[in-house]
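[1] Build me a model from this:
(2 chains)
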Protein chains: 2
Amino acid sequence: MKAMINNIDNIIKHINESNDFIVTSHISPDGDNVGSTLAMYYCLKKLNKNVYYVLDDNTPLNLKFLVKGVEILRSNELKINDYSLISLDCGDKSRICVSDEIINNSNKLICIDHHASNNYYGDLNYIDSEASSTCELVYNLLVRFYQVSNLNLIDEKVATALYTGLVTDTGNFSYSSTHPSSFEMAKELLILGAKRDTIIQNVFQSNPFNFYKLLGDALNTLDIVESKIASIMLTKEMLKKYSISFNDVDAITSYTRDIQGVEVGILLKEKKENEVKVSLRSKNYVDVSEIAKTFNGGGHVRAAGCTIYDSIENAKKLVLQEVLKTI
Amino acid sequence: MKAMINNIDNIIKHINESNDFIVTSHISPDGDNVGSTLAMYYCLKKLNKNVYYVLDDNTPLNLKFLVKGVEILRSNELKINDYSLISLDCGDKSRICVSDEIINNSNKLICIDHHASNNYYGDLNYIDSEASSTCELVYNLLVRFYQVSNLNLIDEKVATALYTGLVTDTGNFSYSSTHPSSFEMAKELLILGAKRDTIIQNVFQSNPFNFYKLLGDALNTLDIVESKIASIMLTKEMLKKYSISFNDVDAITSYTRDIQGVEVGILLKEKKENEVKVSLRSKNYVDVSEIAKTFNGGGHVRAAGCTIYDSIENAKKLVLQEVLKTI
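    Have a look, this model is predicted:
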């Protein structure tokens, strides 16, 4: 804990002593990515710093409400030379979503992150893989900032940004990474004005009508093997029928896992003929990253993926063969 | 607030001065119903009271883990005459899920509830319609009990029961009834040993395979009116086809609400011919408890219910007529 406080304090010291910052995060933005980057951006603005939010990727539709009115630059639009780069929620230096030039030219690389795989790639690091979210780390930093400077930087906007990362990275406080400290943070953010209802509605309650029609069809393909392996198939015709993008159906994967007695859930998505994206989830004991590896894929123990170049029916057979070996 | 404290204190005083209790709740048990009743049951046991858990309805499958080893009696199995009846989470005296005889023969009827429609039907009442859940009220009572007696009744089992009601009645902390106090409670319950992961897996990730097949069919009935009202119909044939109990399908209600632009979601469940249970949800501005009231139902501003004695098609028309007046 002492070391962690020191890390925070070094970052606070550096912020106090510097004027120019770029804040950024990882490719394929999510709630914790946008929330933590945006919170840091607002706070540096409040401290009258010169700060740029740079990210070479698009904000997902359900998070656009959060960045409304915020100028997010692409790497090639940036015109400063002398700056510190703050990388938030990015476990791997190679996933930082700005140009290599911006990374290499920074005076100081500051890394704030909660990924277990983070190798402390920053010049200054505040890493805690036990934390629920990077937003919780930014919150801790702001609480510490208040302790040392008596300046509260958490206004309604900052609270809203941080709350978003907290709920998205904890699956609405349901993952085991949700600690008592996460609830303390949620409580304080609500008191400080976090627009909880706006967040919930935009992030979780604004699915397209057609998504649910597609889900209905998808559930008709739900299949279970040996009571422990469940799978759903999404053909390209199904996606086309409802005009739902290939990238907007990953939430369906959880329906294969959240079944009584099921250990491994499989979602098969047909991208085009003889190209099937496979998402794998496990509940308790199967390492699905090992299964994905046999098809040149990868991922984590409980969530992994791969691509199989065959028909969707054959892809299902091939994956089931591998999964059955682990059950 | 003063009045509320007094209510709690009167109930605590009565508990301290009495020996025999029946705890019960409303028909069609849910997480807050089971959690609050069970927590009160365990606490009265700890105080060496003679206590019976009586309920003339079945515990939903996903909550069975909570009541494992607990004897839940039917009204006709009960053989005591002299008792206080504690009704938890029951907004209406007519919904108390024990026989009229048990209600009428009680020495004292104690009501602990958070439904706005509650008319203070108990001899002693602790009602707070602002509370997230009845479990939050039981938690407040136990905190107050600790303040006055220095006796902590919240062990792992009680914490787990209360946490269950909190997450189910707040939709995983997402409803606007989730206050800073709810997060304070969640934090303390985690510290006191609430088995959060067990709750999440059992309540949300252990759906019967057939539940998802039913959901698939249910989504085929998904209908939207004026882009703002969505409904799903579950006929008794659909429930029978998949052997899913009437009490195990309430989770489907949220699919009607979580659609982009939808303000009111409606789930129509056919219990038997010409008896349809209607669940209503709203997102922003429609008070669905008012709609439920026109059909002699009740509930909360954002979640309410009623029963319509007509065909499911007519019930849908009747509810839509009322909802359309509010949009």
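
[2] residue contacts, the nearest residue to residue A:154 once chain neighbours are set aside?
    The spatial neighbour of residue A:154 that comes closest, neighbours along the chain excluded (CB to CB, 6 or more residues apart in numbering or on different chains), is residue A:192 at 5.0 Å. For glycine as for every other residue, the C-beta is placed from the backbone atoms N, C-alpha and C. Residues near residue A:192 by CB atoms under 8 Å, 6 or more residues apart in numbering or on different chains: A:154-156, A:158-159.

[3] And those, which is closest to residue B:326?
    residue A:156 (29.3 Å; CB to CB).

[4] Strands of chain A, start to end?
    A:20-24, A:50-54, A:72-73, A:84-88, A:108-113, A:124-127, A:223-225, A:229-234, A:264-272, A:275-282, A:298-299, A:303-308 (DSSP state E).

[5] need the least confident one among those strands, by mean pLDDT.
    Of all those, mean pLDDT reaches its minimum on strand A:298-299 (a mean of 74).

[6] so residue A:140 touches residue A:11, yeah?
    No: between residue A:140 and residue A:11 there is no contact under CB atoms under 8 Å: 10.8 Å.

[7] pull the CA atoms of stretch A:76-96 into CSV?
    Written as CSV, here are the backbone C-alpha positions of stretch A:76-96 (Å, rounded to 0.1, in the frame of the first residue of the first chain):
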residue,chain,number,x,y,z
ASN,A,76,-2.0,13.4,-37.0
GLU,A,77,-4.1,16.4,-35.9
LEU,A,78,-1.8,17.1,-32.9
LYS,A,79,0.5,20.0,-33.0
ILE,A,80,2.5,20.1,-29.8
ASN,A,81,6.0,18.9,-29.1
ASP,A,82,6.6,19.2,-25.4
TYR,A,83,4.2,17.1,-23.3
SER,A,84,3.7,14.3,-20.9
LEU,A,85,1.6,11.3,-22.2
ILE,A,86,-0.9,9.8,-19.7
SER,A,87,-1.9,6.3,-20.8
LEU,A,88,-5.1,5.1,-19.0
ASP,A,89,-6.5,1.6,-18.8
CYS,A,90,-3.9,0.3,-21.3
GLY,A,91,-2.3,-3.0,-20.3
ASP,A,92,0.2,-3.1,-23.1
LYS,A,93,2.3,-0.3,-24.6
SER,A,94,1.6,-1.6,-28.1
ARG,A,95,-2.1,-1.1,-27.6
ILE,A,96,-1.8,2.6,-26.8
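
[8] List the buried residues in that stretch.
    Neighbour-count burial for stretch A:76-96 flags A:78, A:83-91, A:96 (criterion: 16 or more other CB atoms under 10 Å in any protein chain shown).

[9] Stretch A:22-41 spans what distance, first to last residue?
    End-to-end distance of stretch A:22-41 (CA to CA, to the nearest Å): 8 Å.

[10] Could you do stretch A:266-277 as well?
    In stretch A:266-277, first residue to last residue: 10 Å (CA to CA).

[11] Just the buried positions in it, please.
    Neighbour counts over stretch A:266-277 (16+ other CB under 10 Å) mark A:266-270, A:275-277 as buried.

[12] With respect to residue A:17, which of those is nearest?
    residue A:277 (47.1 Å).

[13] Please give me every residue in contact with the closest one.
    Here residue A:277 is in contact with A:246, A:268-269, A:271, A:305-307 (criterion: CB under 8 Å, 6+ apart).

[14] That one - nearest residue in space that isn't next to it in sequence?
    Computed as CB to CB, 6+ apart, the closest residue to residue A:277 that is not its neighbour in sequence is residue A:269, at 4.5 Å.

[15] For the one you found, give its distance to chain B.
    The gap separating residue A:269 from chain B is 17 Å, by CB to the nearest CB, to the nearest Å.

[16] Run a quick check on that residue versus residue A:234, I expect a contact.
    Yes: the pair residue A:269 / residue A:234 is scored as a contact, 4.8 Å apart, by CB under 8 Å.

[17] which residue packs closest to the residue sitting furthest away from the middle of chain A, ignoring adjacent ones?
    Here chain A reaches farthest from its C-alpha mean at residue A:226, the gap being 32.9 Å by CA atoms, centre = their mean. Closest residue in space to residue A:226, ignoring its immediate chain neighbours: residue A:327 at 6.4 Å, by CB to CB, 6+ apart.

[18] Contact partners for that neighbour?
    Contacts of residue A:327 (CB under 8 Å, 6+ apart): A:226, A:228-229, A:263-264, A:286.

[19] Weed out the non-buried ones from those residues.
    Using 16+ other CB under 10 Å as the burial test, these include A:228-229, A:263-264, A:286 as buried.

[20] Would you mind giving those as JSON lines with distance to chain B added?
    Converted to JSON lines, the buried ones among the contacts of residue A:327 look like this (distance: CB to the nearest CB, whole Å):
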{"residue": "A:228", "distance to chain B": "11"}
{"residue": "A:229", "distance to chain B": "11"}
{"residue": "A:263", "distance to chain B": "11"}
{"residue": "A:264", "distance to chain B": "13"}
{"residue": "A:286", "distance to chain B": "15"}
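
[21] What segments of the stretch 201-327 of chain A are helices?
    Secondary structure of the stretch 201-327 of chain A (DSSP state H, counting those that start in this stretch): helices at A:209-220, A:236-241, A:253-257, A:288-293, A:312-324.

[22] Mind checking the ones you listed for the one nearest to residue B:312?
    helix A:209-220 (18.4 Å).

[23] With just CA atoms, put the closest one into CSV.
    Extracted in CSV, the C-alpha atoms of helix A:209-220 (Å, rounded to 0.1, in the frame of the first residue of the first chain):
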residue,chain,number,x,y,z
PHE,A,209,-35.2,-3.1,-31.4
ASN,A,210,-33.7,-5.4,-34.0
PHE,A,211,-31.0,-6.6,-31.7
TYR,A,212,-33.7,-8.4,-29.7
LYS,A,213,-35.4,-9.8,-32.8
LEU,A,214,-32.0,-11.1,-33.8
LEU,A,215,-31.5,-12.5,-30.2
GLY,A,216,-34.8,-14.3,-30.6
ASP,A,217,-33.6,-16.0,-33.7
ALA,A,218,-30.2,-16.7,-32.2
LEU,A,219,-31.8,-18.4,-29.2
ASN,A,220,-33.6,-20.7,-31.6
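
[24] quick one: contacts of that helix?
    When contacts are defined by CB under 8 Å, 6+ apart, helix A:209-220 is touched by residues A:232-234, A:238-239, A:241-244, A:248-249, A:252, A:255, B:212-213, B:215-220, B:222, B:224, B:230, B:255, B:259-260.

[25] Quick check: ChimeraX command selecting the buried ones in these.
    Here is the ChimeraX command that picks out the buried ones among the contacts of helix A:209-220, judged by 16+ other CB under 10 Å:
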select /A:232,233,234,238,239,242,244,248,249,252,255 /B:212,213,215,216,217,218,219,222,230,255,259,260
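
[26] what's the most distant pair in the buried residues of stretch A:266-277?
    Greatest spatial distance in the buried residues of stretch A:266-277: A:266 and A:275, 16.4 Å, computed using CB to CB.

[27] ok, residue A:140 and residue A:11, which is more surrounded?
    The residue with more neighbours, out of residue A:140 and residue A:11, is residue A:11; 23 against 19, by other CB atoms under 10 Å in any protein chain shown.

[28] Can you tell me how far residue A:277 is from residue A:309?
    Look at residue A:277 and residue A:309: by CB to CB, to the nearest Å, they are 11 Å apart.

[29] for residue A:229, what are its contacts?
    By CB under 8 Å, 6+ apart, residue A:229 lies in contact with A:262-266, A:320, A:323-324, A:327.

[30] is it in a bridge, and if so with what?
    Beta bridges link residue A:229 to residue A:225, residue A:264, judged by DSSP bridges.

[31] can you list the residues that contact stretch A:160-169?
    Stretch A:160-169 has contacts (CB under 8 Å, 6+ apart) with A:30-36, A:38-39, A:42, A:63, A:66, A:89, A:132-136, A:138-139, A:154, A:173, A:175, A:177, A:182, A:185-186, A:189-190, A:193-196, A:198-200, A:203, B:173-174.

[32] All set now, cheers.
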